[in-house]
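Peer 1: After the sequence you'll find the predicted model.
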Amino acid sequence: MTSSERLAAPLDVVAPPRKGFFAALAPGGGKMLFALVVAGTAFLFAFPVLWLLLTALRPASGVFYVHRGTEFTLHNFVEVLQQESVFHAFVNSFAIATFATILSLGVTVTSGYMLSRFRGPVPSGWFAIIYVLRCVPYISWVLPLFFVTRQLGIFDSYWGLLLPHVAVHVCFFSWIMKGFFDGIDPSMEYAALIDGCTRWGAFFRVAMPAAVPGLTALAILCWLYTWNEFLFALMLTSHKTPILTVVMAQFVHELGMEWHLMSATAILALIPALIVTIFGQKYVIKGLRV
Amino acid sequence: MFGERQRFMLLLIAPAAAALVFFQVVPILTGANASFRDWSLHDPQMTWVGLKHYIYVLTDPGFVWTVMPNTIFFMVVSVACSLVSGLALALLLNRNFPGRAVVQTILLLPLMVAPVVAAIMIRWMFNDQFGIVNAVLEAFGLPGQPWLAQRATAFSVILIADIWLWTPWFALLLLAGLQSLPREPFEAAAIDGASRWRVFRYLTVPMLRPVMVVCIVIRAIDAFRTFDIVWTISAGGPARSTELFSIYAYIEAFQAMNFARGSAAAMIGAAVIVVLAIIIFRVLNRWSEVSK
């Protein structure tokens, strides 16, 4: 609700609300126009997803002319769920997204706290390092990363994908976390220190609980990002650890043009993301209020 | 050696620094090392050749006159358009109307779909024979376009996909920013009878500037190094005319199998974006300081 609406009643006395062009033209027209604009925008944003859904519901013979024909089927969903690699990919993607979120947040919350609470050469040096490293394009380190995970013997395993993901998130998340802690008054921590708390105690018992809304918001965004990430999954995993996005892309690359199966898998992959977003968006918006 | 305070600071960043060193610094140094050597993927000689690859890339007219302008143009247009539409959506979602929660969930859909799937789908929608876009155009009696076979249209499709993908991200951050603004200035403006435009121009935008600066900086860096959606939609085509620099690096490294040259191109791109990012950060910081 905007403040002008809330204050409408007392304001009537002072200055009558100006009538807009549309209100003068057709009473209620402004509202209609607003509803139309909203519906149109929502349709535009939803369209590729609607198209995906429609393709997923068509039989294999119908995908080239999705907009014609009237045959619909749920068989595609049954078919992809019967494929073992798709099922494995679901489990793997879920595990990677969840663990990557936990690890990334665990690692960056301390780093963001440090950036926020201290001044001097160490924090500014650290900030400069993460700022510069954030700029380096993925393409210049994803192939050497393949060599590194090979050397460490973690290629095509959970760790081999998890740890690079954590490294990607360090820069961005540390920066955002700094913002969260900047918004929290440090005097409570000073009070805790004076009362005999250790620095770690002040961090864990005082600063961390205050940062929980921000952490929740980042956790949701991080989970969605990792669930949908493609380039690292493509380069750092193989047959032992299939990842959902790679499996979906392969439906239309290696195994022929199976649009209906790709779309069906994509719709299934959308369901967890949708659940996370529906229940999480409130916390994201609340948590990102820096 | 270190004081208690220093030890605490270093311990706080130790896990993050360890992850960075192993999975970012070491790979980057490996790539940087490779860029000075004769390192093709099928025959890694690894002999030192100095700046040969850098000179090759910097004197390649394709890189200087197509790839770099493409990348800068892409970055500016993508960030500007998604910022404006994200701000519009944030203002919309900040109002109260029936069905707001549903509309918000729908507008966040691009954040939930895997970008690679979305890009495949968008490429399919713009297919010149089977795509829905041409079908709709023809239904209205307009000529269909070979969207991905011409430079201008292919570039537009990529930009549309990118803006579609990132507008919700801007909207989310800006909405959070809008909701954290203090109410008093808006109430004062309402009492003064300020028009909506003036409230937006002289209150909302200046007060949102710090949030916008963070969004723009983060997004500009990401847009500069965009890879996957361009690769999926056009793969740099037609005839390498829509290549961004990460596509150029990828093609040199993996299709021409010259890992060293690809690394050199990536290093040049990284250097450009580091300089750009510092300039953007400085300029925007001043812009947001002035508003205070």
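Peer 2: It's in.

Peer 1: Show me the shaky parts of chain B.
Peer 2: Judged by pLDDT under 70, chain B has its weakly predicted residues at B:1-2, B:288-292.

Peer 1: ranges for the strands of the stretch 1-150 of chain B?
Peer 2: Assignment of strands within the stretch 1-150 of chain B using DSSP state E, counting those that start in this stretch yields the ranges B:37-39, B:44-48.

Peer 1: Between those strands, which one is closest to B:Val76.
Peer 2: Proximity of these to B:Val76 was assessed by Cβ to Cβ; the nearest stretch is strand B:37-39, lying at 33.7 Å. Where C-beta positions appear, they are placed from N, C-alpha and C, glycine not excepted.

Peer 1: Next one: the closest one, is it in contact with chain A?
Peer 2: No - applying Cβ under 8 Å from any Cβ of the partner chain, one finds strand B:37-39 separated from chain A by no less than 10.9 Å.

Peer 1: from the chain's centre, how far out does that strand sit?
Peer 2: With Cα atoms, centre = their mean, to the nearest Å as the basis, strand B:37-39 stands 30 Å off its chain's centre.

Peer 1: Also stretch A:259-273?
Peer 2: Per Cα atoms, centre = their mean, the centroid offset for stretch A:259-273 relative to its chain is 17 Å.

Peer 1: Name the residues of it that are buried.
Peer 2: Within stretch A:259-273, the residues that qualify as buried are A:259-270, A:272-273, counting by 16 or more other Cβ atoms under 10 Å in any protein chain shown.

Peer 1: got the residues you listed as a markdown table, with distance to chain B, pLDDT and secondary structure columns?
Peer 2: As requested, the buried residues of stretch A:259-273 are arranged in a markdown table below (distance: Cβ to the nearest Cβ, whole Å; pLDDT from 0 to 100; DSSP: H, G, I helix; E, B strand; the rest coil):
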| residue | distance to chain B | pLDDT | secondary structure |
| --- | --- | --- | --- |
| A:Trp259 | 7 | 82 | helix |
| A:His260 | 12 | 84 | helix |
| A:Leu261 | 12 | 86 | helix |
| A:Met262 | 7 | 87 | helix |
| A:Ser263 | 8 | 88 | helix |
| A:Ala264 | 11 | 90 | helix |
| A:Thr265 | 9 | 91 | helix |
| A:Ala266 | 5 | 91 | helix |
| A:Ile267 | 10 | 91 | helix |
| A:Leu268 | 11 | 92 | helix |
| A:Ala269 | 7 | 91 | helix |
| A:Leu270 | 6 | 92 | helix |
| A:Pro272 | 9 | 92 | helix |
| A:Ala273 | 4 | 92 | helix |
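
Peer 1: Tabulate the residues you listed (CSV), appending distance to B:Val103.
Peer 2: Formatted as CSV, the buried residues of stretch A:259-273 follow (distance: Cβ to Cβ, whole Å):
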residue, distance to B:Val103
A:Trp259, 29
A:His260, 30
A:Leu261, 31
A:Met262, 28
A:Ser263, 24
A:Ala264, 27
A:Thr265, 27
A:Ala266, 23
A:Ile267, 21
A:Leu268, 25
A:Ala269, 23
A:Leu270, 18
A:Pro272, 22
A:Ala273, 18
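
Peer 1: so where's the stretch 151-290 of chain A shaky on pLDDT?
Peer 2: By pLDDT under 70, the weakly predicted segments of the stretch 151-290 of chain A are A:253-256, A:290.
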